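Student: Here's a sequence, model it:
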Amino acid sequence: MGEYSKALSYYEKALGICQKSLPPNHPLVATSFSNVGSVYDNMGEDSRALSSHEKALEIREKSLPSNHPDLTTSYNNIGLVYRNMKDYLKALSYLERALDIFQHTLPPTHPNIKSVKKNIETVKEDMTMNV
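Tutor: Here you go, the predicted structure:
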């Protein structure tokens, strides 16, 4: 609906509740940071989006196995923020990590694999257009 300020307010409240009631490395705390990051991303606030997504990734890396599909959410989100910031090499690095995990944990026809491949293709196109 485009009401990003309202969404951000609710997501920040949810994050605060999670931080008060759950251990610091709980996956739901990571999800809350990811939600906040996604709103900042939609608002065009790349540095805030990146910070929130990095906090989510840090928690997920501490609390999940290295090939857990939830890590791909953070890798994909961070990759897309770097794309917005025109840092295409970093974007590719994160998106390729997401793809690697998906290819090892999901069937080859899974839509998430297709989605990340499309993101990688888009970044590569951006790179060739901005050389």
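
Student: Could you measure from Ser47 over to Ser32?
Tutor: Look at Ser47 and Ser32: by C-beta to C-beta, to the nearest Å, they are 19 Å apart. C-beta coordinates here come from the backbone N, C-alpha and C atoms, glycine included.

Student: who has more neighbours, these two?
Tutor: Ser32 (25 against 10; other C-beta atoms under 10 Å).

Student: hang on, the more buried one packs against Tyr11?
Tutor: Yes. If you go by C-beta atoms under 8 Å, Ser32 and Tyr11 touch, sitting 6.7 Å apart.

Student: For the residue nearest to Thr31 when sequence neighbours are not counted, which residues are in contact?
Tutor: Closest residue in space to Thr31, ignoring its immediate chain neighbours: Ala56 at 7.2 Å, by C-beta to C-beta, 6 or more residues apart in numbering. Counting by C-beta atoms under 8 Å, 6 or more residues apart in numbering, Ala56 makes contact with 30-31, 33-34, 37, 73-74, 77.

Student: give me the element the residue nearest the centre of the chain is part of.
Tutor: Centroid-nearest residue in the chain, with C-alpha atoms, centre = their mean: Asn77, separated by 2.3 Å. Using DSSP states H and E, Asn77 falls within helix 69-84.

Student: So which elements touch that helix?
Tutor: helix 27-43, helix 46-63, helix 88-105, helix 111-129 (3 or more C-beta pairs under 8 Å, 6 or more residues apart in numbering; DSSP states H and E).

Student: Could you dump those helices into CSV and include distance to Gly16 and mean pLDDT?
Tutor: Formatted as CSV, the helices and strands packed on helix 69-84 follow (distance: least, C-beta to C-beta, whole Å; pLDDT from 0 to 100):
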stretch, distance to Gly16, mean pLDDT
helix 27-43, 9, 96
helix 46-63, 14, 97
helix 88-105, 27, 96
helix 111-129, 30, 94
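
Student: Tell me which of those sits nearest to Val81.
Tutor: Across the helices and strands packed on helix 69-84, Val81 has its closest neighbour in helix 46-63 (4.8 Å, C-beta to C-beta).
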